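Asks: Let's see this in three dimensions:
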Amino acid sequence: MTHTRTHTGTRTRAARRPLLLATLLVALLAALLTPGRAEAASLQEVTGFGTDPGALRMFRYVPDGLPAGRPVVVALHGCTQNASGYGTGSGWIQLADRWGFSVVLPQQQTANNASSCFDWFQSGDMQRGQGEAASIAQMVDRQLADVTGDASRVYVTGLSAGGGMTAVMMAAYPEKFAAGGVVAGLPYGCAQAAGSPYVCMYVGATQTARQWGDRVRAARPGYGGPWPTLTVFQGTADYTVKPVNMTDLAKQWTDVHGADQTADVSDTVAGYPHQVFEDADGHAVVETYSISGMGHGQPVDPGSGSEQCGTAGAYILDVNLCAAYRLGRAWGLG
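Replies: Reported below is the predicted structural model:
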């Protein structure tokens, strides 16, 4: 008798499950389809943004109800990544919603580079008016026009090859960017200085600060400034892009800004060594974060805390510091 009751009760509960699931599904659909409900913003592809000499794809994220006059961040993915994955993983899309700015996410095509790396080392892609650099510049112009963005508050950042292309954009189009953030990337002209992109990545190039600076100045002849400020993040255990590249980036951009090679601030942030280099007027022009023990990737700090952002994944590394947050704060986005 007990066995029969138990069996019947089990059958009754089992019969109710589909009905319960159906009820929940109907309720969910009703909530989603309620008239007047705001749909969440999503990543959108933009075509026809210019002549696109570098044959790149343009994606963007614009938070719902974003007012005119807001900043624009250009975020460049690393090798084997894409616009969507990097935008979400790095935390930039999350911060765009939190702080109110739009994000341009260029995407490489395998026809240009089999590993989907931006071609930061190719002479035809790293010069003003040519190739991939020109395509990204056209994306910036299109975005500013479409969202009526603040042209004085455009920023560029990227990981690895995207970091190398960030330095390209800062050098070739300095008038378009207030600041840049290079994550595990390379100085402008490093492949040419080293004789090969691989020597640049794995060994570095032997250049003085002045020689590094001259490479940037040659990218935009006659330009009198202002130059973008620079923030660099680099893992000490990165064997793909050696940490010497952060040192060389600091040399390059302190020279461009007329600052010396001695840090004016040396402290720690989230337990990691952090330095700030100031120009003669006391303005921070170069900032570096040395992430102890981190390999090749983008630093993130997943969570819901005020200083947290990002989602860990391949080359997106949880080190309890979110690079996108630190950049956003330095750029006055938050």
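
Asks: List the residues that contact residue 293.
Replies: 235, 236, 237 (CB atoms under 8 Å, 6 or more residues apart in numbering). For every residue, glycine as well, the C-beta is placed using N, CA and C.

Asks: switch the cut-off to 6 Å
Replies: residue 237 (CB atoms under 6 Å, 6 or more residues apart in numbering).

Asks: again with residue 178
Replies: Per CB under 6 Å, 6+ apart, neighbours of residue 178: residue 153.

Asks: Okay, it and residue 228: tell me how far apart.
Replies: 6 Å (CB to CB, to the nearest Å).

Asks: same question, residue 50
Replies: 21 Å.

Asks: which stretches of this protein form strands?
Replies: Counting by DSSP state E, the chain has strands at residues 44-46, 57-61, 72-76, 102-107, 154-159, 179-183, 229-235, 265-269, 272-278, 284-291, 298-300, 316-318.

Asks: So which of those is nearest residue 173?
Replies: Smallest distance to residue 173 across the strands of the chain (CB to CB): 8.7 Å, for strand 154-159.

Asks: So in that sheet, which strands flank the closest one, and in what orientation?
Replies: Note on strand 154-159: by DSSP bridges, its sheet partners are strand 72-76 (parallel), strand 179-183 (parallel).

Asks: Can you tell me what sits against the first one?
Replies: Same thing as strand 72-76. 92, 102-106, 143, 149, 154-158, 162, 165.

Asks: Tell me which stretches of the stretch 1-150 of the chain form helices.
Replies: Assigned by DSSP state H, counting those that start in this stretch, the stretch 1-150 of the chain shows helices spanning 2-33, 83-90, 92-99, 131-147.

Asks: same question but for the stretch 201-334 of the chain, I mixed them up
Replies: 209-219, 244-256, 323-330.

Asks: could the ones you listed be laid out in CSV, adding distance to residue 77, mean neighbour count and mean pLDDT?
Replies: Formatted as CSV, those follow (distance: least, CB to CB, whole Å; neighbours: other CB atoms under 10 Å; pLDDT from 0 to 100):
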stretch, distance to residue 77, mean neighbour count, mean pLDDT
helix 209-219, 23, 18, 98
helix 244-256, 18, 24, 98
helix 323-330, 13, 23, 98
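
Asks: can you put those helices in CSV and add distance to residue 134?
Replies: Converted to CSV, those look like this (distance: least, CB to CB, whole Å):
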stretch, distance to residue 134
helix 209-219, 13
helix 244-256, 21
helix 323-330, 24
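
Asks: Quick one: closest of the ones you listed to residue 184.
Replies: Nearest to residue 184, of all the helices of the stretch 201-334 of the chain, is helix 244-256, at 8.1 Å by CB to CB.

Asks: Residue 290 - how many residues pack around it?
Replies: Residue 290 has 18 neighbours, counted by other CB atoms under 10 Å.

Asks: Now do the same contact list for it.
Replies: Per CB under 6 Å, 6+ apart, neighbours of residue 290: 236, 273.

Asks: how much space is there between it and residue 240?
Replies: Residue 290 is 16 Å from residue 240, by CB to CB.

Asks: re earlier: adding mean pLDDT as columns, could you present the strands of the chain in CSV?
Replies: Converted to CSV, these look like this (pLDDT from 0 to 100):
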stretch, mean pLDDT
strand 44-46, 98
strand 57-61, 98
strand 72-76, 98
strand 102-107, 98
strand 154-159, 98
strand 179-183, 98
strand 229-235, 98
strand 265-269, 98
strand 272-278, 98
strand 284-291, 98
strand 298-300, 98
strand 316-318, 98
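
Asks: Put together JSON lines for those, with distance to residue 221 on each row.
Replies: Below are the strands of the chain laid out as JSON lines (distance: least, CB to CB, whole Å):
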{"stretch": "strand 44-46", "distance to residue 221": "31"}
{"stretch": "strand 57-61", "distance to residue 221": "28"}
{"stretch": "strand 72-76", "distance to residue 221": "23"}
{"stretch": "strand 102-107", "distance to residue 221": "25"}
{"stretch": "strand 154-159", "distance to residue 221": "21"}
{"stretch": "strand 179-183", "distance to residue 221": "20"}
{"stretch": "strand 229-235", "distance to residue 221": "21"}
{"stretch": "strand 265-269", "distance to residue 221": "33"}
{"stretch": "strand 272-278", "distance to residue 221": "25"}
{"stretch": "strand 284-291", "distance to residue 221": "21"}
{"stretch": "strand 298-300", "distance to residue 221": "33"}
{"stretch": "strand 316-318", "distance to residue 221": "38"}
